[in-house]
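Asks: coordinates only, no sequence provided:
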């Protein structure tokens, strides 16, 4: 009887646990706290946080329970991450929720989304300098776009072993947009610049809204064919939204499809942070480089907006440059909040959506370029 009890105890999590599992469980609890109590991207942080709890229950190997065991349910669900299935589904939902009209009304704002991608390429060079392989450096650099699905998609293709830390870093910085961006925005702008009012955009016709996703898809995928899975779903989602006759499909895409994909992606990415696999020196380096990438992307967008104002008759509020990162729509909301702290009657949200959605397209193109060069 005593031997049976000892054997039972040796198979419990209490016996198999070590400090790495405890650390990751605590991180998971922090994610859940930030999502629920602070409302920092709860749709992302709560599933990822609980996934961390799931992934860090110490398990007896061979039972087919862990996410890294080939015959486990979690492993099959994780297949959608490792094979890049969930990110395009999320892009489909984003497209069905996004209004491109402000971008069409003032295309010059697209340049801010392009400028913010500087964070991706600067961090890529920094990762190379630190000794990461080119494929790993490319995956790390994409974190600067603050676009979790794109980061996961590219990492699944180029550096599958880094999916866990890169996904967690990307979503962490997406959630912390309201914390990270405002100090950078204020540092690089004067109060006078933050008070700039934007001109009302022209009204975009329904025909333009329908043509845009088709034209954008063709132009962008001819430029970067490897971005096809992401941009194809993004533009298709936007087309069924604007076409009206496919509203039922659009409703499904922006609700059931994106919610299901987000849940499965969040839970499995969180579960992949198994302490004995996740806690490595490279993970720490990825988090540090990811923070640098995101900060550089924000600063690059703001500085480029100031540069554009040297040549534009109708000035741009430089705060809009911070929305060039791909965290939709959080970066645009942060622009609105920072702007209204200076002038409560200044409404920048609608204008900020233009660089915000162009940033989504820009980061997908950057991922496609990296994939085509390094695959």
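Replies: Ah, there it is. Remember, it's a predicted structure, so these values are computed and weren't measured experimentally.
Asks: tell me which residue lies nearest the centroid of this structure.
Replies: Centroid check for the chain by Cα atoms, centre = their mean gives residue 147 as the closest residue, at 2.0 Å.
Asks: do you know the pLDDT at that one?
Replies: For residue 147, the pLDDT comes out at 76.
Asks: again, but for residue 72
Replies: The model reports residue 72 with a pLDDT of 88.
Asks: cool, and residue 212?
Replies: In this model, residue 212 carries a pLDDT of 95.
Asks: isn't the residue nearest to the centre of the chain up against residue 363?
Replies: Yes. If you go by Cβ atoms under 8 Å, residue 147 and residue 363 touch, sitting 4.5 Å apart. (Each C-beta comes from the backbone N, C-alpha and C, glycine too.)
Asks: need the residues touching each of those two.
Replies: Listed as contacting both residue 147 and residue 363 by Cβ atoms under 8 Å, 6 or more residues apart in numbering are residue 326.
Asks: pull the longest helix from the chain.
Replies: In the chain, ranked by residue count with DSSP state H as the criterion, the top helix is helix 281-309.
Asks: that helix packs against which elements?
Replies: helix 110-115, helix 118-129, helix 134-141, helix 163-175, helix 177-187 (3 or more Cβ pairs under 8 Å, 6 or more residues apart in numbering; DSSP states H and E).
Asks: tell me the mean pLDDT over it?
Replies: Helix 281-309 shows an average pLDDT of 88 in the prediction.
Asks: chain center to it: distance?
Replies: Distance, stretch centre to chain centre, for helix 281-309: 14 Å (Cα atoms, centre = their mean, to the nearest Å).
Asks: and the helices in the stretch 251-375 of the chain?
Replies: For the stretch 251-375 of the chain, applying DSSP state H, counting those that start in this stretch gives helices covering 258-271, 275-278, 281-309, 330-342, 349-374.
Asks: which of the residues in the first one are buried?
Replies: When you say that, I think you mean helix 258-271. Within helix 258-271, the residues that count as buried by 16 or more other Cβ atoms under 10 Å are 258, 261, 262, 264, 265, 266, 267, 268, 269, 270, 271.
Asks: quick one: list the elements packing against that helix.
Replies: Judged by 3+ Cβ pairs under 8 Å, 6+ apart, the packing partners of helix 258-271 are helix 42-55, helix 73-82, helix 86-97, helix 148-158, helix 163-175.
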